[in-house]
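Chemist: Sequence first, then the predicted structure:
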Amino acid sequence: MLSLVVLISGGGSNLRALLEASEDAEFPARVVAVGADRDADGFAHAEEYGIPTFSVAMSNFPDRESWGDAILEQIRVWDPDLVVLSGFMKLLPPRVIAALSPRLINTHPAYLPEFPGAHGVRDAIAAGVTESGASVIVVDNGVDSGPIISQERVPVLPGDTESTLHDRIKVVERELLVQAVLDIANGVVDLRAVGQTRSR
Ligand code: GRF
């Protein structure tokens with residue numbers, strides 16, 4: 001059984017998808033704790049499922065590194081097999097990523113490397129593209145630049161707003177995330193090998 005710590009910042013609809021998937025006894029992963037950089041609305045999902053939460057606000061720390069160390073300390077309490085960033089809107093410091101990699105994945109509402117960063121959906125609308133997507137990646141020190149585990153195209157429809165497009169993307173994003181966790185738990189995806197080009 002793969003133990004997960006999920007980090008969120010917002011509503012946690014992706015977190016909820018994992019919680020609902022884990023209601024199936026056959027699903028080989030369980031969320032053991034949910035963390036955030038604020039008192040996130042998505043904590044309500046964790047509380048509904050009786051899952052402990054922790055909040056580590058950057059404003060309580062003198063710098064990003066000490067904030068990151070505090071988050072890492074919380075994560076280590078649970079000693080998870082995998083950490084999932086899902087709507088977590090802060091960049092973790094390199095020291096945290098080094099400590100967790102490659103057992104640290106992230107979901108992004110665009111077809112990476114298209115539209116990385118905090119406004120991927122808004123940027124796709126502004127670019128006038130006819131399709132965007134959703135991606136699940138292994139986190140590296142860049143901004144949404146890590147090796148891609150899975151991704152899927154999502155159409156942009158005439159008249160789409162950031163909100164209507166994001167809602168359509170999230171449906172796919174949730175499916176990709178649950179499948180990625182399943183594949184990692186079942187060994188179908190080896191996080192150490194994702195993105196490694198085969199040596200000739
Ligand atoms: C997701 O699309 C995530 O990829 C992006 O923000 C959204 C968060 O949604 N960073 P939720 O909090 O999971 O509902």
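Modeler: Yep, it's here.

Chemist: any idea how this structure splits into domains?
Modeler: Domain ranges of the chain: 1-100, 110-200, per automatic domain parsing.

Chemist: Measure how buried residue 89 is and give me the count.
Modeler: 14 (other CB atoms under 10 Å). All C-beta atoms are positioned from the backbone trio N, CA, C, and that covers glycine.

Chemist: Let me see the backbone angles for it.
Modeler: Main-chain dihedrals, residue 89, degrees, to the nearest 10: phi -100, psi 20.

Chemist: what's the longest helix in this protein?
Modeler: Ranked by number of residues, the top helix in the chain under DSSP state H is helix 162-185.

Chemist: Can I get it in CSV, CA atoms only?
Modeler: As requested, the backbone C-alpha atoms of helix 162-185 are provided in CSV (Å, rounded to 0.1, in the frame of the first residue of the first chain):
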residue,chain,number,x,y,z
GLU,A,162,-10.0,30.7,-17.6
SER,A,163,-12.6,29.2,-15.3
THR,A,164,-14.5,27.1,-17.9
LEU,A,165,-11.2,25.8,-19.4
HIS,A,166,-9.7,25.1,-16.0
ASP,A,167,-12.8,23.1,-15.0
ARG,A,168,-12.6,21.0,-18.2
ILE,A,169,-8.8,20.5,-17.6
LYS,A,170,-9.3,19.5,-14.0
VAL,A,171,-11.6,16.6,-15.0
VAL,A,172,-8.7,15.2,-17.1
GLU,A,173,-6.1,16.2,-14.5
ARG,A,174,-7.8,14.2,-11.8
GLU,A,175,-8.0,11.1,-14.0
LEU,A,176,-4.3,11.4,-14.9
LEU,A,177,-3.3,11.9,-11.2
VAL,A,178,-5.2,8.8,-10.0
GLN,A,179,-3.8,6.7,-12.8
ALA,A,180,-0.3,8.0,-12.1
VAL,A,181,-0.5,7.0,-8.5
LEU,A,182,-1.9,3.6,-9.5
ASP,A,183,0.9,3.1,-12.0
ILE,A,184,3.5,4.1,-9.4
ALA,A,185,2.0,1.9,-6.8
